[in-house]
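Enquirer: give me the fold of what follows.
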Amino acid sequence: MPLYPSTPVPTPTVPPPGTTISVPTLYPSTPVVLPGTVPVLSDHSYSIFDHLFYPAVRSPTLLLAGQVPHLGLVLGGADRLEIQRWMLSGYWQPGNDTHKSHYAAAAGYVNNMLAPVSVIAQGSFIDWRSQSIDDTDPMNTITYDEEHRTRDASAAISYTYRGSLFTTLGGVYTDDFAQVDTLPSSRLHLGGPSATVEWYSAESTRYTGPRRALLANAAIAYYPRQWSTFMGNITDVAGTLGTTLPLPFGRRHTISAFARARSLLAPDDTGLLQVGGDSALGILWNRSNKMEPPDFDTSRFPPNLRFVEPLRGFEDFGIAAERVKLGEVSWKYPLIIDRGTAASLFVLPASFLRQLDLELFASGAIVDASDRHYAVGAATTLHIQFLRIPLVVMYQIARRLTDDEALTHLIAIGPDI
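Expert: Alright, predicted model coming up:
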């Protein structure tokens with residue numbers, strides 16, 4: 001059997017001078033970009049400044065500080081390989097005949113040149129006005145004008161190992177100056193370094209989120225007295241263990257559990273840790289069938305840095321503590337919807353409903369030595385895309401088994417991340 005086929009090979013011919021030759025090309029004239037690759041736009045060497053200063057992100061925005069929001073514009077950009085990214089924003093709070101205009105600005109920068117090491121830095125200033133009601137007035141007719149100047153800065157260096165181990169070294173500083181009418185002004189500030197180590201491994205799907213996951217986290221932060229308006233040094237130590245597992249019935253049923261401990265070592269200050277009284281989402285509406293519990297005293301803290309541990313079922317019930325051990329167990333089942341509407345003259349704007357999560361949960365906390373707090377409840381969470389913004393809207397009903405034994409309702413909203 002011959003090694004090569006017996007098809008005769010044509011003898012090449014030389015065309016006469018001046019003849020135009022059409023040479024077939026192996027590659028099309030339009031470059032084909034495969035998934036996960038970067039198109040070649042030029043044969044010049046790559047530069048980290050290529051396309052860096054072009055504002056690819058341009059969006060109007062609102063800053064909610066006080067009763068009158070700031071109107072703003074956000075610009076953002078990156079080089080073509082996204083090794084560097086930046087963000088700039090500016091805001092304006094309109095004035096009137098009795099109040100001057102106020103302004104705000106923020107900037108952020110991310111550098112991945114030393115990947116898997118990342119450098120993150122950001123800073124902002126916000127000048128704003130608001131009004132507060134005199135709590136001693138039973139008719140709530142006496143109001144005070146407030147002027148605030150808030151300054152924030154933070155920086156961090158993070159390292160990622162094989163997509164599972166994350167370490168971060170950083171620091172934060174915040175400063176708030178307030179003037180309430182003719183009363184003496186006040187200034188609150190707090191800052192210090194921090195370190196975090198986290199190991200997280202998960203098997204996830206688009207609809208269920210993590211199906212099998214394991215989380216271990218440890219963090220420490222130190223706030224020296226010289227950098228704060230507190231009476232002494234503050235050391236914040238925390239740790240978390242969590243897991244998620246699929247249930248044997250059905251492919252979308254999952255059960256999650258976590259345990260967390262946190263302690264604030266502050267010999268000269270008490271009651272700095274707030275347990276409950278807050279939510280990971282923005283609260284739109286909440287209601288309780290019992291008397292409204294007293295608020296946690298936040299007058300000692302700058303507005304952008306507080307020590308808070310959310311506790312489900314206690315979103316309207318803040319507890320002052322020195323240390324806490326808390327945990328939660330929850331069952332979740334997603335109902336897939338995948339329905340949307342296009343923007344039109346009669347149905348505006350475009351929206352997309354992805355899924356509805358059904359959830360049952362039980363939570364508990366041991367505050368300080370033996371002060372116990374428990375709650376159980378259910379929640380439905382709608383994943384929606386509105387104006388191309390991914391959002392979650394949650395309704396929750398919970399029963400506190402301790403304290404006031406209240407039945408609470410909560411509607412909250414937040415980004416779907």
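Enquirer: quick check: next helix or strand after the helix or strand hosting Leu188?
Expert: Leu188 is part of strand 186-205 when elements are defined by DSSP states H and E. Downstream of strand 186-205, the next assigned helix or strand under DSSP H and E is strand 209-223.
Enquirer: and the angle from the strand holding Leu188 to strand 209-223?
Expert: Relative orientation of strand 186-205 and strand 209-223, computed by axes from the mean of the first three to the mean of the last three CA atoms, to 10 degrees: 150 degrees.
Enquirer: how many neighbours does the residue lying closest to Gly90 once chain neighbours are set aside have?
Expert: The shortest distance from Gly90 to any non-neighbouring residue, by CB to CB, 6 or more residues apart in numbering, is to Ala105 (5.0 Å). C-beta: built from backbone N, CA, C; applies to glycine. Neighbourhood size, Ala105 [other CB atoms under 10 Å]: 14.
Enquirer: Ala105 pairs with what?
Expert: Here Ala105 sits in beta bridges with Gly90, Phe125, going by DSSP bridges.
Enquirer: so it touches Tyr91, yeah?
Expert: Yes - with contacts counted by CB atoms under 8 Å, Ala105 reaches Tyr91, the gap being 6.9 Å.
Enquirer: strand partners (parallel or antiparallel) of the helix or strand harbouring Thr150?
Expert: When secondary structure is defined by DSSP H and E, Thr150 falls within strand 143-161. Sheet partners assigned to strand 143-161 using DSSP bridges are listed as strand 117-133 (antiparallel), strand 165-180 (antiparallel).
Enquirer: just the CA trace of the longest one, in CSV.
Expert: These are the backbone C-alpha positions of strand 117-133, laid out as CSV (Å, rounded to 0.1, in the frame of the first residue of the first chain):
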residue,chain,number,x,y,z
VAL,A,117,-2.1,40.0,45.1
SER,A,118,-4.6,43.0,44.8
VAL,A,119,-4.3,46.5,46.1
ILE,A,120,-7.5,48.4,46.8
ALA,A,121,-7.8,52.1,48.0
GLN,A,122,-10.7,54.4,48.3
GLY,A,123,-11.7,57.6,49.9
SER,A,124,-14.7,60.0,50.1
PHE,A,125,-16.0,63.2,51.6
ILE,A,126,-19.6,64.0,52.1
ASP,A,127,-21.0,67.4,53.2
TRP,A,128,-24.7,67.2,53.9
ARG,A,129,-27.6,68.7,55.8
SER,A,130,-30.6,67.1,57.5
GLN,A,131,-33.3,67.8,60.1
SER,A,132,-33.9,66.0,63.3
ILE,A,133,-37.0,66.0,65.6
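Enquirer: now it: buried residues?
Expert: Of all the residues in strand 117-133, those buried under the rule 16 or more other CB atoms under 10 Å are Ser118, Val119, Ile120, Gln122, Ser124, Ile126, Asp127, Trp128, Arg129, Ser130.
Enquirer: from the residues you listed, which has minimum pLDDT?
Expert: Sorting the buried residues of strand 117-133 by pLDDT puts Ser130 at the bottom of the list (82).
Enquirer: list the contacts of the spatially closest residue to that one that is not a sequence neighbour.
Expert: Leaving aside its chain neighbours, Ser130 sits nearest to Gly66 (3.2 Å; criterion: CB to CB, 6+ apart). By CB atoms under 8 Å, 6 or more residues apart in numbering, Gly66 lies in contact with Gln93, Trp128, Arg129, Ser130, Gln131, Glu146, His148.
Enquirer: want to try TSV for the residues you listed, with distance to Leu387 as columns?
Expert: Formatted as TSV, the contacts of Gly66 follow (distance: CB to CB, whole Å):
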residue	distance to Leu387
Gln93	23
Trp128	25
Arg129	29
Ser130	27
Gln131	30
Glu146	32
His148	30
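Enquirer: what is the nearest of the residues you listed to Gly170?
Expert: His148 (25.3 Å; CB to CB).
Enquirer: next, count neighbours for that closest one.
Expert: His148 has 18 neighbours, counted by other CB under 10 Å.
Enquirer: so what sits opposite it in the bridge?
Expert: Here His148, judged by DSSP bridges, has bridge partners Trp128, Ala178.
Enquirer: now swap in His373 and tell me
Expert: Applying DSSP bridges, one finds that His373 bridges with Ala365.
Enquirer: what comes up buried for the strand holding Leu188?
Expert: Leu188, His189, Leu190, Gly191, Gly192, Ser194, Thr196.
Enquirer: and that strand, what does it pack against?
Expert: strand 165-180, strand 209-223, strand 234-246 (3 or more CB pairs under 8 Å, 6 or more residues apart in numbering; DSSP states H and E).
Enquirer: average pLDDT for the last one?
Expert: Going back to what we said before, that points to strand 234-246. 96.
Enquirer: which residues make contact with it from outside it?
Expert: For strand 234-246, using CB under 8 Å, 6+ apart, the contacting residues are 192, 194, 202, 210-223, 228, 253-266, 269, 272, 307.
Enquirer: following element in sequence after that strand, please.
Expert: By DSSP H and E, the next helix or strand past strand 234-246 is strand 254-265.
Enquirer: relative to strand 209-223, how tilted is that following strand?
Expert: 0 degrees.
Enquirer: and the following helix or strand past strand 254-265, what does it pack against?
Expert: Sequence order places strand 273-275 as the next helix or strand after strand 254-265, per DSSP H and E. Secondary-structure packing of strand 273-275 (3+ CB pairs under 8 Å, 6+ apart): strand 307-309, strand 319-321, strand 323-341.
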